[in-house]
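Q: one predicted model, sequence on top.
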Amino acid sequence: MRILVTGGAGFIGSHLVDKLMENEKNEVIVADNYFTGSKDNLKKWIGHPRFELIRHDVTEPLLIEVDQIYHLACPASPIFYKYNPVKTIKTNVIGTLNMLGLAKRVGARILLTSTSEVYGDPLIHPQPETYWGNVNPIGVRSCYDEGKRVAETLMFDYHRQHGIQIRIARIFNTYGPRMNIDDGRVVSNFIAQALRGEPLTVQKPGTQTRSFCYVSDMVDGLIRLMEGENTGPVNIGNPGEFTMLELAETVKELINPEIEIKMVENTPDDPRQRKPDISKAKELLGWEPKVKLRDGLPLMEEDFRSRLGVPKRN
Ligand SMILES: NC(=O)c1ccc[n+]([C@@H]2O[C@H](COP(=O)([O-])OP(=O)(O)OC[C@H]3O[C@@H](n4cnc5c(N)ncnc54)[C@H](O)[C@@H]3O)[C@@H](O)[C@H]2O)c1
Ligand SMILES: O=c1ccn([C@@H]2O[C@H](COP(=O)(O)OP(=O)(O)O[C@H]3OC[C@@H](O)[C@H](O)[C@H]3O)[C@@H](O)[C@H]2O)c(=O)[nH]1
């Protein structure tokens with residue numbers, strides 16, 4: 001099987017590549033423009049005969065022969081996707097069109113990593129796939145939220161019109177080793193702050209919730225979806241729900257009990273609650289997450305300690 005992973009130099013993508021490369025029948029090609037990803041995440045595969053890395057921006061067409069496409073390319077941290085919103089929406093819309101065009105030309109199956117952000121600031125809790133969402137179409141997050149919604153529409157239109165085999169995963173907040181240290185997302189921020197001895201910045205009001213999935217569970221869910229018979233959309237996430245204050249308290253307890261928690265201003269349109277209903281993933285994919293937050297955080301701490309050069313004191 002020849003598999004293309006767009007965005008494969010990023011956080012989730014590089015873990016997905018590790019897993020796909022375990023199967024000796026797979027050849028893996030990564031296409032990435034390194035906006036938020038890095039070659040470092042793939043260094044153990046560079047030079048491997050079954051692996052290829054291409055510097056490529058998905059807003060440009062790509063002409064290669066593949067059997068499957070995992071289409072992840074898109075900045076995921078709000079700081080980075082808001083940095084150049086026009087580019088973010090081009091990546092989601094033109095990038096997905098290009099990858100669908102490729103899938104159509106070569107007859108490949110394509111999986112899109114959509115997001116829980118398609119539910120916006122949800123009025124239904126937890127969120128099932130049948131919920132249409134509550135998204136501000138002109139807000140500062142819409143380049144990402146609406147971009148992913150259009151990407152989902154394009155996937156279904158190509159499926160209905162051209163018979164392309166599609167899979168859509170709606171990913172909920174995922175964390176783990178290899179996240180950019182200054183990625184800006186909450187788990188990486190808190191761990192980096194705790195290790196640097198800086199206050200944990202909880203954005204107000206601190207009662208907003210998220211549900212955090214460890215990256216190995218996520219990769220397992222994505223591969224099951226690709227290999228299974230259902231188009232989705234399927235929520236993939238961990239239903240364990242925490243307020244941001246609870247998350248800060250947990251990081252403080254596990255990593256640095258002396259650290260301060262500081263309340264700071266939030267950004268516009270921050271969703272107030274988020275938790276996946278994963279009934280569909282359980283039923284259709286036989287999938288559910290295994291790693292609890294308290295077990296996943298120390299694994300991420302270890303990786304951040306080695307990259308920041310902060311050894312553990314006994
Ligand atoms: N991590 C999460 O919590 C989460 C949640 C929901 C959805 N997702 C989705 O999963 C995917 C991966 O997220 P991640 O957390 O690994 O983020 P990431 O930022 O670490 O990875 C994204 C990768 O895409 C690349 N990229 C960005 N724009 C590109 C372009 N135009 N052309 C080629 N490559 C480009 C980046 O360089 C990077 O390597 C994204 O599609 C994201 O929307 C992630
Ligand atoms: O330092 C911080 C950073 C963030 N936060 C809060 O933590 C919560 C989560 O924020 P993050 O930036 O980690 O991520 P968000 O949940 O807002 O968005 C994410 O959603 C799903 C994916 O598509 C993306 O990975 C990303 O868009 C927010 O309520 C935010 O206000 C803090 O309290 N402190």
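A: Structure received. Treat the numbers as computed from the prediction; the structure is a model and nothing was measured. Ligands and ions are numbered 1, 2, ... in the order given.

Q: tell me who's in contact with I12.
A: I12 makes contact with L72, A76, T113, I171, T174, V215, M218, V219, L222, according to Cβ atoms under 8 Å, 6 or more residues apart in numbering. In short, each C-beta sits where N, CA and C put it, glycine included.

Q: again but with R109, I slipped
A: R109 is in contact with D67, Q68, I69, A103, Q165, I166, R167, M226, counting by Cβ under 8 Å, 6+ apart.

Q: doesn't the third one lie inside a helix?
A: No. Secondary structure of I69 (DSSP: H, G, I helix; E, B strand; the rest coil): strand, not part of a helix.

Q: okay, now it: neighbour count?
A: I69 sits with 26 neighbouring residues when counted by other Cβ atoms under 10 Å.

Q: quick check, pLDDT for it.
A: Model confidence at I69, given as pLDDT, is 98.

Q: the residue nearest to N235 when sequence neighbours are not counted pairs with what?
A: Of all residues not flanking N235 in the chain, P276 sits nearest, at 4.1 Å (Cβ to Cβ, 6 or more residues apart in numbering). Under DSSP bridges, the beta-bridge partners of P276 are Q127.

Q: hang on, isn't P276 packed against G237?
A: Yes. Between P276 and G237 there is a contact at 3.8 Å, judged by Cβ atoms under 8 Å.

Q: where do the contact lists of the two overlap?
A: In contact with both P276 and G237: S116, R170, F172, S211, using Cβ under 8 Å, 6+ apart.

Q: between these, which sits nearest ligand 2?
A: S116 (5.4 Å; Cβ to the nearest ligand atom).

Q: which residues are in contact with the closest residue to that closest one other than its chain neighbours?
A: Spatially, and ignoring its direct neighbours in sequence, S116 is nearest to F172 (4.4 Å; Cβ to Cβ, 6+ apart). Applying Cβ under 8 Å, 6+ apart, we find F172 in contact with S116, R210, S211, C213, N235, I236, G237, N238, R274, K275, P276.

Q: among those, which two are most distant?
A: Spatially, the most separated pair among the contacts of F172 is R210 and I236, at 14.6 Å (Cβ to Cβ).

Q: comparing those two, which residue is more hemmed in?
A: I236 (31 against 23).

Q: re earlier: who wins for neighbours among the contacts of F172?
A: When neighbours are taken as other Cβ under 10 Å, the top entry among the contacts of F172 is I236 (31 neighbours).
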